[in-house]
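> Dropping the sequence and predicted coords here.
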There are 2 protein chains.
Amino acid sequence: MAQKITLKKIAQDLNVSISTVSKALRDSHEISEERREKIKKYAKEFNYKPNSIALSLKNQKTKKIGIIIPEIVHHFFATVISGVERVANEKGYQVIITLSGESFDKEVVNMEMLANGSIDGFIMSLSKETMEKQDFHHLREVTNQGMPIVMFDRVSNDIPCDKIIIDDVAAGHEATEFLLRKGKNKLGIISTVDYVNVGRLRSQGFSQALQQRGFEVHDHQFLKIEDIDRCEQKIEQFIADNDFDALVAVNELFAVTASKAIQKLGKKIPEDVAIVAFTDGILSKYASPTLTTIGQKGEEMGGIAAAKLIEKLESSDHDNESYETVIVKTSLVERESTP
Amino acid sequence: MAQKITLKKIAQDLNVSISTVSKALRDSHEISEERREKIKKYAKEFNYKPNSIALSLKNQKTKKIGIIIPEIVHHFFATVISGVERVANEKGYQVIITLSGESFDKEVVNMEMLANGSIDGFIMSLSKETMEKQDFHHLREVTNQGMPIVMFDRVSNDIPCDKIIIDDVAAGHEATEFLLRKGKNKLGIISTVDYVNVGRLRSQGFSQALQQRGFEVHDHQFLKIEDIDRCEQKIEQFIADNDFDALVAVNELFAVTASKAIQKLGKKIPEDVAIVAFTDGILSKYASPTLTTIGQKGEEMGGIAAAKLIEKLESSDHDNESYETVIVKTSLVERESTP
DNA sequence: TTGTACGCGTTATCAG
DNA sequence: CTGATAACGCGTACAA
């Protein structure tokens, strides 16, 4: 009930001026020790804390960074936030999160809300709709105002800003090469439709790896799933129709679904068919058998994004007009689904 | 680069006073239509948006709500945030998220940071350490300042505030009764240590259901896990040592681990041993076999929490000093792990 | 119809 | 050593 205490109230109660209180609390030597102590004691008793809104207004800095992501219930994004939060907190920043829900309009609205002084800078990953529309005017508006953006994972080349991505082609290559080295030679890949970047790029890496090893690449080796909710049938069909001895799946869900289909057909993992999945998450760790995956290091990406953003925020403003794209190395985690 | 535009700048550029601009933009009839239009056009051209920090300071309202949760990478918490965010956005509020990482100290620090004017109210779930220590002084300080808190899931009865919980006793009862009705009669429960509320209460429901059916309840039916990282061994031991025909697990991880242990022992699910898990998440849906679970409805809890908080925030301040505890019904989702 | 003054809480600067 | 004043951006009561 006791309303929040302010400098003004302390000043009134102690019959001194506001600026005296302010100085005393900041240990200024301008104030006599006696008075200083008295004021500090009083402030402590009433648990005085400077009002951060007032400070934001005065300093033109909020010490907050805004995140806009498509969904928070996706494990990858949750890990990114976790990384952002960790680094931000270490450096005295708070994190405001908004969700676009893969909607362009909501992404725009949220950006506008946050850009009105709520935060010092953005960390974001574009919504699917934005990727499809290729409309980035909201980002440009923000950067034009001098507010820095760091993009991760789903980025746009049209916007000049720092970017944190993984090299999906290389990652697809790594997964494939790993299977080839294990002696597998009848490979298939379960991917998304091509306009989803990650699916297209990882498939590209898959093809490259095969070709480098002198294999021919055929269409029947590629399954491109459009509707994630009804992927089961298609995956079962894909596996039944082909005599694969190894599969790459561009996400955990496809991998688990494939794993089940394979076992249903009476084949053994990894002896008959091996699997490498992408996006190391909970499913891979707890599926039966556990899945070898290419980890996406969301935590690390988030951490790097936050560090980059804060660096920009705290560099003496505008002398630093160069932008960097950081490629985070993926890491292969071996589990039971590969020999 | 074009710095953010303010009322002041518009006023200068147009050679009028600040208040004229302010009034014009708010469609005041005090201002002549001609001038009004001119000002509005200019403002639109430079994309003027009121600075939210200044508004916060003036109105003593931030239109932001703070969330403190233990971890964001737990699916349940992610769904709660999703629900909070949805409702908050609908009502024009933004969401600031901080993570305690299950640490008491970090919870305290984060609360203090947010309480200094950054937000209008809290939505939170206590860290494990806080539950263990039973130290809630930081919560009390905040409520004493007149800032409302809504707690969910992990709550404290010591703090007067709205609470959103699931009836864990009833849920434990439901899970157990379900197994009994399926003809199982040698039941065990894999739970957490007692100071974690959910574990204790669900265990309680487990006991109640058994006793109501005339079963005796013995200590050996309870496994209480302290360290979630090394639960595997203990769960295997627990299953090997007892001849259960059904298990209740208070979270997905325990359930999946148990499922694997059971299959390792050559027993069949659900014929030999059935499983009911808690917290319906991704794992339950994709484990082999898929798991029957008691769903926790995180999205709904988050939505209710946000609605309650905003209601309190917008009710004419202090006439509303009653607190409510909302019990969200759980729902059993049948899958392959039960007959 | 337009402009001035004030207050939100803080700090920095300058005057006493 | 202490205090008054300005400024951050906004809205509004009051004065012109």
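Nice, I can see it. Since the structure is predicted, the reported quantities are computational estimates derived from the model, not experimental observations. Numbers count the residues shown, from 1 in each chain, chains lettered A, B, ... in the order given.
> Enumerate the residues of the stretch 1-150 of chain A near DNA strand C.
Within the stretch 1-150 of chain A, the positions near DNA strand C by C-beta under 7 Å from any atom of the strand are A:4, A:6-8, A:18-19, A:22, A:25-26, A:48-51, A:53-55, A:57-58. Yep, even glycine has a C-beta here, placed from its N, CA and C like the rest.
> pLDDT below threshold where in chain A?
Per-residue confidence for chain A (pLDDT under 70) gives these ranges: A:1-2, A:316-320.
> again, only this time at 80
For chain A, applying pLDDT under 80 flags the ranges A:1-3, A:195-196, A:227-229, A:316-321.
> can you give me the strands for it?
In chain A, the strands defined using DSSP state E lie at A:64-69, A:94-99, A:121-124, A:149-152, A:162-166, A:187-192, A:222-225, A:246-249, A:274-278, A:292-295, A:325-328, A:331-333.
> Any chance of a markdown table for these, columns mean neighbour count?
A markdown table is the format used below for the strands of chain A (neighbours: other C-beta atoms under 10 Å in any protein chain shown):
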| stretch | mean neighbour count |
| --- | --- |
| strand A:64-69 | 26 |
| strand A:94-99 | 23 |
| strand A:121-124 | 26 |
| strand A:149-152 | 26 |
| strand A:162-166 | 22 |
| strand A:187-192 | 25 |
| strand A:222-225 | 19 |
| strand A:246-249 | 29 |
| strand A:274-278 | 29 |
| strand A:292-295 | 25 |
| strand A:325-328 | 15 |
| strand A:331-333 | 15 |
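> With distance to DNA strand D added, can I get those strands in a markdown table?
Formatted as a markdown table, the entries for the strands of chain A read as follows, by distance: least, C-beta to the nearest atom of the strand, whole Å:
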| stretch | distance to DNA strand D |
| --- | --- |
| strand A:64-69 | 16 |
| strand A:94-99 | 19 |
| strand A:121-124 | 17 |
| strand A:149-152 | 21 |
| strand A:162-166 | 26 |
| strand A:187-192 | 44 |
| strand A:222-225 | 48 |
| strand A:246-249 | 50 |
| strand A:274-278 | 45 |
| strand A:292-295 | 44 |
| strand A:325-328 | 32 |
| strand A:331-333 | 45 |
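> For my notes, please list these in a markdown table and give distance to B:G83 for each entry.
Rendered in a markdown table, the data for the strands of chain A read as follows (distance: least, C-beta to C-beta, whole Å):
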| stretch | distance to B:G83 |
| --- | --- |
| strand A:64-69 | 16 |
| strand A:94-99 | 11 |
| strand A:121-124 | 22 |
| strand A:149-152 | 25 |
| strand A:162-166 | 28 |
| strand A:187-192 | 28 |
| strand A:222-225 | 29 |
| strand A:246-249 | 30 |
| strand A:274-278 | 28 |
| strand A:292-295 | 29 |
| strand A:325-328 | 31 |
| strand A:331-333 | 32 |
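> May I see the buried residues of stretch A:228-243?
Neighbour-count burial for stretch A:228-243, with 16 or more other C-beta atoms under 10 Å in any protein chain shown as criterion, is recorded at A:C231, A:K234, A:I235, A:E236, A:F238, A:I239.
> How about A:I81: what's its closest non-neighbour residue?
Leaving out its chain neighbours, the residue that sits closest to A:I81 by C-beta to C-beta, 6 or more residues apart in numbering or on different chains is B:I72, at 5.4 Å.
> With A:V196 instead?
A:K128 (7.8 Å).
> if we can go back for a sec, surely the residue nearest to A:I81 touches A:V80?
No: B:I72 is beyond contact range of A:V80, at 9.7 Å (criterion: C-beta atoms under 8 Å).
> out of the two, which sits in the busier spot?
The residue with the greater number of neighbours, taking B:I72 and A:V80 and applying other C-beta atoms under 10 Å in any protein chain shown, is A:V80; the counts read 30 against 25.
> Can you give me every residue that contacts the more buried one?
A:I69, A:S125, A:F152, A:D153, A:G298, A:E299, A:M301, A:G302, A:A305 (C-beta atoms under 8 Å, 6 or more residues apart in numbering or on different chains).
> The same query, at a cut-off of 6 Å, please.
A:G298, A:M301, A:G302 (C-beta atoms under 6 Å, 6 or more residues apart in numbering or on different chains).
> Can you report how many residues neighbour the nearest residue to the last one once chain neighbours are set aside?
Here the nearest residue to A:G302 in space, its sequence neighbours aside, is A:G83; by C-beta to C-beta, 6+ apart that works out to 2.6 Å. The local packing of A:G83 (other C-beta under 10 Å) involves 22 other residues.
> Not counting sequence-adjacent ones, nearest residue to A:Q211?
A:V217 (6.2 Å).
> doesn't A:L210 make contact with the one you found?
Yes: A:V217 is within contact range of A:L210, at 5.3 Å (criterion: C-beta atoms under 6 Å).
> Those two: which has the busier surroundings?
Comparing A:V217 with A:L210 by neighbour count (other C-beta under 10 Å), the higher total belongs to A:L210, at 22 against 14.
> Up against chain B, what does the stretch 201-339 of chain A have?
By C-beta under 6 Å from any C-beta of the partner chain, the residues of the stretch 201-339 of chain A that approach chain B are A:V256, A:I282, A:L283, A:Y286, A:S288.
> Tell me the spacing between the third one and DNA strand C.
So that's A:L283. In this view, A:L283 and DNA strand C are 48 Å apart by C-beta to the nearest atom of the strand, to the nearest Å.
> Next, the contact list for that residue, please.
The contact partners of A:L283, taken as C-beta under 6 Å, 6+ apart, are A:E252, A:V256, B:Y286.
> Please apply the same query to the fourth one.
Contact partners of A:Y286, counting by C-beta under 6 Å, 6+ apart, are B:V256, B:L283.
> can you do 10 Å?
With contact taken as C-beta atoms under 10 Å, 6 or more residues apart in numbering or on different chains, A:Y286 is in contact with A:256, B:252-253, B:255-257, B:259-260, B:282-283, B:286-288.
> Next step: these restricted to helices.
Within the contacts of A:Y286, residues falling in helices by DSSP state H are A:V256, B:E252, B:L253, B:A255, B:V256, B:T257, B:S259, B:K260, B:I282, B:L283, B:Y286.
> Which residue, other than its chain neighbours, is closest to the third one?
When the adjacent residues along the chain are set aside, B:L253 lies closest to B:I228, with 6.6 Å between them (C-beta to C-beta, 6+ apart).
> The nearest residue to A:A246 once chain neighbours are set aside: neighbouring residues, count only.
Closest residue to A:A246 apart from its sequence neighbours, by C-beta to C-beta, 6+ apart: A:K184 at 3.7 Å. A count of neighbours around A:K184, defined by other C-beta under 10 Å, yields 20.
> Can you get me the start-to-end distance on stretch A:47-62?
22 Å (C-alpha to C-alpha, to the nearest Å).
> picking up where we left off before, which of the buried residues of stretch A:228-243 sits closest to DNA strand C?
Lowest distance from DNA strand C to the buried residues of stretch A:228-243 (C-beta to the nearest atom of the strand) belongs to A:C231, with 55.0 Å.
> Which residues are in contact with the closest one?
The neighbourhood of A:C231, defined by C-beta under 10 Å, 6+ apart, consists of A:I190, A:T192, A:L223, A:I225, A:F238, A:L253, A:F254, A:T257, A:A258.
> hang on, isn't the last one packed against A:I275?
Yes: assessed by C-beta atoms under 10 Å, A:A258 is found in contact with A:I275 at 6.3 Å.
> overlap in contacts of these two?
With C-beta under 10 Å, 6+ apart, A:A258 and A:I275 have common neighbours A:I190, A:F244, A:L247, A:V248, A:A249, A:I269, A:L291, A:S337.
> I'd guessed the third one sits against A:A258; true?
So the one you mean is A:L247. Yes: with contact defined as C-beta under 10 Å, A:L247 reaches A:A258; the gap is 5.6 Å.
> Now for those two: what residues contact both?
With contacts taken as C-beta under 10 Å, 6+ apart, the residues that reach both A:L247 and A:A258 are A:G188, A:I190, A:L223, A:I235, A:F238, A:I239, A:I269, A:V273, A:I275, A:A277, A:S337.
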